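Novice: need coordinates for the below:
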Amino acid sequence: MSEYRIILLLGCVIVLTGCNRSWKPPVSNRPVTEGISVEHQSGGTHRSSAVSNGVWYQLMGSDLIVLDDQGRQISRHTLAPVGTSLAGRDIEVAGDRLAVLLGDSEVVVLDIEDPWRPVVTERIDARTLGLWPTSLGILDGSFIMMGQEIARTLDGSIVVRSDGGEIMSIVNHEGRLLYVADRRIHRRAGDVYLGTASLLKPAAPHRYLPTGALLFARHERSGSLVGFLGSDCREVESNLWTTGLPGTVHTLDQQGGQVLAVSDEGVFVLGLTPSGLAQVWSWPRQGVKSAAWIDESHLAVAGSFGRGVVQVGATDPVSSAVGWVSVPAGLRSAMSDGDTIIAESTDGYWSYRVGQDPERIPQPDTAMTPPRKSAAVLGWSVEIGDDGIAQLSAPSGPQTLRAPRDGRFYCVTATEDAFWLGHDHGILVVMFGPGGEERATSPAKRLGVLIDGPVICIEPLMLGGGVAYAAEHGGFGVVREVYGASAQVQRPDTR
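Specialist: Numbering: from 1, shown residues only. As a prediction, this is how the structure comes out:
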């Protein structure tokens with residue numbers, strides 16, 4: 001009887017198998033990725049700053065940090081959710097208002113009646129005004145936006161137009177509106193050409209200067225010239241009142257008888273003396289992004305190294321600085337062992353374990369490896385060329401991928417159903433079809449986040465669902481996939 005039962009059961013299995021050749025075991029569907037978001041971020045380059053009435057306003061990423069004159073943080077304000085905006089690039093203070101330019105697309109205006117806790121009062125999408133601003137300015141006590149060929153007020157009114165160059169400075173000088181574009185000073189009335197400069201500011205009155213003098217910088221092939229112009233926009237005794245500095249000067253500010261000049265080669269303080277303009281102190285330093293007077297002897301300095309209050313005349317500004325904060329930024333190369341990202345900066349090496357604060361480390365024993373330029377998974381592959389353009393090979397045919405905002409791709413990695421590509425302004429994700437044979441015909445979904453790049457290293461998380469990254473100016477962080485139909489989708493900036 002027992003043998004009969006066994007034979008009967010085997011026969012049933014054979015019959016059932018033959019009748020259900022297409023049957024497959026059930027598979028749990030993976031949640032659909034609807035977006036990606038930055039889950040963790042640490043470090044990053046400190047960019048533009050402003051000091052007003054003893055309060056130091058500092059930009060880092062899309063955050064506004066408020067500090068006192070000793071470099072102590074009082075408050076911190078997120079002007080845009082991390083990953084959704086380009087970094088703040090310029091800041092201006094006018095009376096009890098402060099304006100911040102985020103990237104080249106949005107101006108955020110804040111009330112600083114309480115200077116320690118600014119309150120956002122207005123957001124202006126520059127695209128609605130027909131302008132991609134590159135800097136901010138103040139004209140007659142009001143904020144203006146300056147860009148290629150045009151400058152506007154925040155309500156959209158045109159201030160000046162150039163003949164094609166980027167407008168760098170606008171000043172109201174002795175009843176004349178002057179602007180600088182393409183190293184030329186123009187008077188708006190009649191668009192009269194008056195002289196040459198790259199940056200222009202009214203000079204503070206001083207006994208050694210003529211009435212109506214202007215402070216200027218002019219970019220040259222081998223550096224910059226800094227000095228004073230007369231009211232006719234011609235140099236005042238150039239052999240005495242004009243001096244050369246290394247690098248491209250991007251900041252000028254006069255404090256009494258001293259001029260602060262900041263270039264990409266360092267910080268320089270020049271003194272007005274009976275014999276002309278003389279260099280009082282210099283701090284050669286790569287990665288300086290901004291400096292502003294705290295008082296006649298101290299500067300608030302910030303850049304890819306961090307921030308702090310340094311003393312004019314100090315032989316070692318960092319060791320004698322007040323409120324010095326070092327951050328991982330200025331990252332030049334990075335590599336990962338799957339658990340930790342190690343990156344080299346201008347100031348040494350940093351180690352980042354996912355979701356934790358980065359730490360300084362000694363120089364690794366192994367040489368830094370170049371970023372991965374190719375990846376492949378499940379019949380798909382991608383390769384980044386020397387021109388920064390990626391070629392995607394898909395079952396349905398090849399595609400060309402170009403980085404957003406006319407940028408370049410620098411690195412790529414693959415997860416189980418996506419490629420993650422780092423570029424100048426963040427991360428672009430190309431996700432495949434839902435699976436099986438549909439991969440060959442389904443169009444790839446593209447998602448993105450904005451990071452102060454370039455993004456130079458991307459490493460898949462060990463538990464999946466995202467990546468860790470290292471970015472030159474954005475420090476370290478984690479980007480996660482967001483699931484569900486209610487997720488807030490981050491679309492890549494394709495401009």
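
Novice: so who does Val325 touch?
Specialist: Residues near Val325 by CB atoms under 8 Å, 6 or more residues apart in numbering: 71, 306-308. From N, CA and C alone the C-beta is placed, and that goes for glycine too.

Novice: brain fart, Glu235
Specialist: Going by CB under 8 Å, 6+ apart, Glu235 touches 227-229, 241-242.

Novice: now render these as a markdown table, adding distance to Arg184, pLDDT and neighbour count.
Specialist: Putting the contacts of Glu235 into a markdown table (distance: CB to CB, whole Å; pLDDT from 0 to 100; neighbours: other CB atoms under 10 Å) gives the following:
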| residue | distance to Arg184 | pLDDT | neighbour count |
| --- | --- | --- | --- |
| Gly227 | 17 | 98 | 24 |
| Phe228 | 18 | 98 | 25 |
| Leu229 | 13 | 97 | 27 |
| Trp241 | 20 | 97 | 20 |
| Thr242 | 17 | 98 | 18 |
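
Novice: any chance of those residues in CSV with distance to Glu220 as columns?
Specialist: CSV is the format used below for the contacts of Glu235 (distance: CB to CB, whole Å):
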residue, distance to Glu220
Gly227, 12
Phe228, 17
Leu229, 16
Trp241, 17
Thr242, 11
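
Novice: and of the contacts of Val325, the nearest to Ala343?
Specialist: Nearest to Ala343, judged by CB to CB, of those is Gly306 at 15.1 Å.

Novice: pLDDT weak spots in the protein?
Specialist: Applying pLDDT under 70 to the chain flags the ranges 1-30, 433-443, 485-495.

Novice: need the longest strand for it.
Specialist: When the chain is parsed with DSSP state E, its longest strand is strand 158-173.

Novice: that strand pairs with which strands?
Specialist: Sheet pairing of strand 158-173 (DSSP bridges) gives strand 142-153 (antiparallel), strand 176-181 (antiparallel).

Novice: distance from the chain centre to it, please.
Specialist: 25 Å (CA atoms, centre = their mean, to the nearest Å).

Novice: list the buried residues of it.
Specialist: 159-160, 162, 167-171, 173 (16 or more other CB atoms under 10 Å).

Novice: and the residues you listed, which two are the farthest apart?
Specialist: Maximum distance among the buried residues of strand 158-173 (CB to CB): 17.5 Å, for Ser162 and His173.

Novice: quick one: secondary structure of Arg207?
Specialist: Following DSSP: H, G, I helix; E, B strand; the rest coil, Arg207 is assigned to coil.

Novice: number of residues surrounding it?
Specialist: 7 (other CB atoms under 10 Å).

Novice: check the one 5 residues further on too.
Specialist: As a burial measure, the neighbour count of Gly212 was computed by other CB under 10 Å and equals 14.

Novice: what's the closest non-adjacent residue to it?
Specialist: Nearest residue to Gly212, sequence neighbours excluded (CB to CB, 6 or more residues apart in numbering): Ser231, at 3.5 Å.

Novice: A strand includes that neighbour, no?
Specialist: No. Counting by three-state DSSP, Ser231 is not part of a strand but coil.

Novice: could you pull up phi and psi at it?
Specialist: phi -60, psi -20 (degrees, to the nearest 10).

Novice: and it, how far from Val180?
Specialist: Look at Ser231 and Val180: by CB to CB, to the nearest Å, they are 16 Å apart.

Novice: for these two, indicate the residue with more neighbours.
Specialist: Per other CB under 10 Å, whichever of Ser231 and Val180 has more neighbours is Val180, with 26 against 14.

Novice: check contacts around the more buried one.
Specialist: 167-170, 186, 197-200.

Novice: farthest-separated two in those residues?
Specialist: Top of the distance list for the contacts of Val180 (CB to CB): His186 and Leu199, 14.3 Å.

Novice: neighbour count: the two, which is higher?
Specialist: His186 (23 against 19).

Novice: mind checking how far the more buried one is from Met431?
Specialist: Counting by CB to CB - His186 and Met431 are separated by 50 Å.

Novice: can you check Ser37 too?
Specialist: Distance from Ser37 to Met431, by CB to CB: 15 Å.

Novice: starting at the chain centroid, how far to stretch 59-69?
Specialist: Using CA atoms, centre = their mean, the offset of stretch 59-69 from its chain centre is 14 Å.

Novice: return the set of buried residues in that stretch.
Specialist: 59-67, 69.

Novice: Arg152: which of the residues you listed is nearest?
Specialist: Nearest to Arg152 among those, counting by CB to CB, is Leu59 at 21.6 Å.

Novice: residues in contact with the closest one?
Specialist: Each residue near Leu59 by CB under 8 Å, 6+ apart is listed here: 46-49, 65, 87-89, 91, 100.

Novice: what lies in contact with the host helix or strand of Ala300?
Specialist: Secondary structure from DSSP states H and E places Ala300 in strand 298-303. The contact list for strand 298-303 (CB under 8 Å, 6+ apart) reads 45-47, 49, 51, 56, 58, 67, 69, 71, 260, 267, 283, 285, 287-294, 307-312, 317, 321-322, 330.

Novice: then stretch 308-319?
Specialist: By CB under 8 Å, 6+ apart, the list of residues contacting stretch 308-319 reads 69-71, 258, 267, 269, 280-281, 283, 294, 296-301, 320-325.

Novice: got the buried residues for that stretch?
Specialist: Under 16+ other CB under 10 Å, the buried positions of stretch 308-319 are 308-310, 312, 314, 317-318.

Novice: chain center to stretch 307-315, what's the gap?
Specialist: With CA atoms, centre = their mean, you get 25 Å for stretch 307-315.

Novice: can I get the CA coordinates of the helix or strand encompassing Glu92 in PDB?
Specialist: Per DSSP H and E, Glu92 falls inside strand 88-94. Output in PDB follows, covering the C-alpha atoms of strand 88-94 (Å, rounded to 0.1, in the frame of the first residue of the first chain):
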ATOM      1  CA  GLY A  88      25.000  80.500  -2.100                       C
ATOM      2  CA  ARG A  89      27.500  82.500  -4.200                       C
ATOM      3  CA  ASP A  90      27.000  86.100  -3.100                       C
ATOM      4  CA  ILE A  91      25.600  88.100  -0.100                       C
ATOM      5  CA  GLU A  92      24.900  91.800   0.500                       C
ATOM      6  CA  VAL A  93      23.600  93.800   3.400                       C
ATOM      7  CA  ALA A  94      21.600  97.000   3.000                       C
END
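
Novice: what angle separates it from strand 142-153?
Specialist: Angle, strand 88-94 to strand 142-153, by axes from the mean of the first three to the mean of the last three CA atoms, to 10 degrees: 120 degrees.
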